[in-house]
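Participant: Sequence plus the predicted model coming up.
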Amino acid sequence: MKLFPIRGGIHPDYRKEETSEEPIVTMPMPGALYIPLQQHIGVSADPLVKQGDRVLKGQLIAGNHLTMSVPQHAPTSGYVRAIAEITAPHPSGLPQTTIIIEPDGKEEWCTLPAPITDPFSTDPEIIRTRVAEAGVVGMGGAAFPSAVKLNLGLRYKLRILLINGAECEPYLTCDDRVMRERADAIIDGARIMAHALGVPRIVVAIEENKPQAIAIMTKAAAGVAEVVAVPVQYPMGSERHLTQAITGQETPARGLTADIGVVVHNVSTACAVHNAIRHGRPLISRVLTVSGHAVRNPKNVETLIGTQVAELIKFCGDFKEAPARLVNGGPMMGNPLPGLGVPVVKGMSGVLALAANEVNEGPEQPCIRCGSCVSICPLGLTPVELVAFVRRDLLDNAEKLGVRDCVSCGSCSWVCPARIPLVHYFNYAKGALNARDRERNKLERVKTMAEAHAERVAKAAMAKQQRAPKNTGASPPPPRGTNEPSAAEKITP
């Protein structure tokens with residue numbers, strides 16, 4: 001297959017050797033599981049259990065009927081200890097509603113939905129519904145509801161289902177190990193998703209620095225999908241850039257890859273879809289990489305959703321030195337963790353404990369206008385100009401220069417010799433612009449509702465006026481039961 005170059009990009013020290021040859025190991029049952037009600041982009045689920053309830057493994061414990069929401073399931077059998085506000089694995093450190101389950105050690109499953117033995121002759125709507133009910137989200141880090149993506153075939157003319165195995169972030173190797181150890185499940189899940197989308201072609205893209213995964217996936221995909229080795233170039237794993245490398249087409253600004261006929265899903269997401277359809281199992285565990293020089297024994301770990309990060313670190317031999325930074329995900333696009341007391345969630349692909357020599361920290365210096373950030377930006381933006389506007393809170397100017405198109409890949413911050421946290425500025429700008437849009441939309445809705453109310457009141461007044469008797473100029477008849485003389489009686493003879 002002919003590949004197409006992507007703009008910009010960088011080549012950081014990938015540091016994958018710490019875990020790339022570490023097979024997936026299953027973590028023992030923790031003492032408690034903390035299940036946040038929102039582990040996805042969209043609307044939070046509602047709790048369906050209460051304190052003291054006994055739950056079974058795989059049981060639905062939170063959900064609602066909204067499209068942009070994802071249900072949550074019990075990762076094991078046990079008792080609901082509490083429903084409380086617990087710190088989320090988010091840089092804000094804010095709490096969110098969390099169901100706390102105390103395992104009973106029995107691992108007793110609930111009655112699962114019957115497996116779909118022949119998904120390729122099953123109505124695609126049934127496939128999409130099953131994926132939604134299983135709580136599957138994008139497991140590459142975005143945590144977008146997978147069933148919503150599987151509905152894109154109803155609105156767009158799609159050509160390719162692109163399975164993302166690039167895993168371009170440094171340190172992370174969980175997708176590499178999943179491809180090596182669960183290739184058949186990935187390909188089966190991809191075929192099921194292609195059926196649900198109505199897509200004729202499946203392409204699996206893997207960076208060239210994963211030769212074993214490429215060989216194993218190629219064998220598993222024989223006759224049903226194409227496996228393509230793409231260049232090692234960060235941020236190749238971004239769905240926009242991976243799509244461009246495969247098709248040669250750019251995704252429209254603020255558009256979707258579906259606009260050019262492509263839907264992208266992560267390899268671990270495909271594996272989760274396989275489990276949901278073939279076995280009726282909801283998403284209650286995931287594989288993630290625990291790495292960084294501050295960790296004693298880096299590993300690729302399969303752990304239950306809701307396991308505290310502290311338990312993960314302990315399972316990996318604890319810290320050999322105090323970490324300078326804890327990161328949820330990869331070092332480029334991941335977010336700082338507020339502490340060890342946060343739970344593993346569905347979109348968490350890694351936990352990094354970075355030592356001081358792995359963190360490029362230092363005081364921010366004045367920009368020297370070297371232009372490095374401009375030359376490597378994979379979107380063709382001008383970060384040096386954008387940050388000047390954002391610093392002065394000239395957000396309209398930043399918007400005109402395309403700050404909303406920034407994918408927060410971190411390439412500009414990585415190359416900046418002045419250590420300016422460019423991505424932080426751009427994330428602030430995007431958040432502020434989105435908040436402004438929400439407020440503007442709210443005001444527009446209020447205005448529309450007020451105008452509609454005024455129109456209804458005017459119509460009601462008009463209708464009332466039309467129903468009222470017309471005034472002909474004659475005196476109205478006296479009320480019944482009165483002694484008021486009639487007009488004839490008032491005539492003097």
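Facilitator: Good, I have the coordinates. Residues are numbered from 1 along each chain as shown.
Participant: CA only for contacts and neighbour counts going forward, please
Facilitator: Fine.
Participant: what helix or strand is K464 on?
Facilitator: helix 422-467 (DSSP states H and E).
Participant: Surely W109 and K57 touch.
Facilitator: Yes - shown here, W109 and K57 form a contact pair, counting by Cα atoms under 8 Å, at 4.4 Å.
Participant: what do these two both touch?
Facilitator: Shared contacts of W109 and K57 (Cα atoms under 8 Å, 6 or more residues apart in numbering): 76-77.
Participant: Between those two, which has more neighbouring residues?
Facilitator: The residue with more neighbours, out of W109 and K57, is K57; 22 against 16, by other Cα atoms under 10 Å.
Participant: For the more buried one, which residues are in contact?
Facilitator: 73-77, 107-110 are the contacts of K57 under Cα under 8 Å, 6+ apart.
Participant: Low-confidence stretches in the protein?
Facilitator: In the predicted model of the chain, residues 470-493 satisfy pLDDT under 70.
Participant: before we move on, the earlier item: tell me how far the helix holding K464 lies from the chain's centre.
Facilitator: On the basis of Cα atoms, centre = their mean, to the nearest Å, helix 422-467 sits 28 Å off its chain's mean C-alpha point.
Participant: Now G402: closest residue in space, sequence neighbours ignored.
Facilitator: Setting aside the residues directly before and after it, G402 is nearest to L381 in space (Cα to Cα, 6 or more residues apart in numbering), at 6.9 Å.
Participant: neighbours around that neighbour, how many?
Facilitator: When neighbours are counted by other Cα under 10 Å, L381 registers 18.
Participant: what do you get for N397?
Facilitator: Neighbours of N397 under the rule other Cα under 10 Å: 15.
Participant: And the one 4 residues further on, by the same measure?
Facilitator: Taking other Cα under 10 Å as the criterion, the count of residues near L401 is 16.
Participant: wait, doesn't it sit right on V384?
Facilitator: No - in terms of Cα under 8 Å, L401 does not count as a neighbour of V384; the distance is 11.0 Å.
Participant: quick one, strands of the stretch 201-350 of the chain?
Facilitator: For the stretch 201-350 of the chain, the strands defined by DSSP state E, counting those that start in this stretch occupy 201-207, 226-230, 262-266, 285-291, 299-304, 325-328, 335-336, 350-354.
Participant: Could I get those in CSV, plus columns for mean neighbour count and distance to D176?
Facilitator: Listed next are the strands of the stretch 201-350 of the chain as CSV, based on neighbours: other Cα atoms under 10 Å; distance: least, Cα to Cα, whole Å:
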stretch, mean neighbour count, distance to D176
strand 201-207, 24, 9
strand 226-230, 20, 13
strand 262-266, 25, 11
strand 285-291, 25, 10
strand 299-304, 24, 10
strand 325-328, 22, 18
strand 335-336, 18, 21
strand 350-354, 26, 13
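Participant: a markdown table for the ones you listed, including distance to A276?
Facilitator: Listed next are those as a markdown table, based on distance: least, Cα to Cα, whole Å:
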| stretch | distance to A276 |
| --- | --- |
| strand 201-207 | 20 |
| strand 226-230 | 24 |
| strand 262-266 | 15 |
| strand 285-291 | 12 |
| strand 299-304 | 16 |
| strand 325-328 | 26 |
| strand 335-336 | 29 |
| strand 350-354 | 23 |
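Participant: Looking at the ones you listed, which is nearest to S146?
Facilitator: Closest to S146 of the strands of the stretch 201-350 of the chain, according to Cα to Cα: strand 262-266, at 8.2 Å.
Participant: Now do that closest one: distance to the chain's middle.
Facilitator: Taking Cα atoms, centre = their mean, one finds strand 262-266 lying 13 Å from the centre of the chain it belongs to.
Participant: count of neighbours near Y34?
Facilitator: Residues near Y34, counting by other Cα under 10 Å, number 29.
Participant: secondary structure class for it?
Facilitator: strand (DSSP: H, G, I helix; E, B strand; the rest coil).
Participant: So it is in contact with L304, correct?
Facilitator: No - with contacts defined as Cα under 8 Å, Y34 does not count as touching L304, sitting 9.9 Å away.
Participant: quick one on the thing from earlier: so which of the contacts of K57 comes closest to T67?
Facilitator: Nearest to T67, judged by Cα to Cα, of those is H73 at 17.4 Å.
Participant: ok, the residue nearest to G402 - contacts?
Facilitator: Contacts of L381 (Cα under 8 Å, 6+ apart): 374, 401-403, 406.
Participant: Most neighbours among the residues you listed, which one is it?
Facilitator: V403 (25 neighbours).
Participant: Just give the nearest non-adjacent residue to that residue, would you?
Facilitator: Take V403 and drop its neighbours on the chain: the residue closest to it by Cα to Cα, 6+ apart is F426, 6.5 Å away.
Participant: What is the neighbour count of that neighbour?
Facilitator: F426 has 23 neighbours, counted by other Cα under 10 Å.
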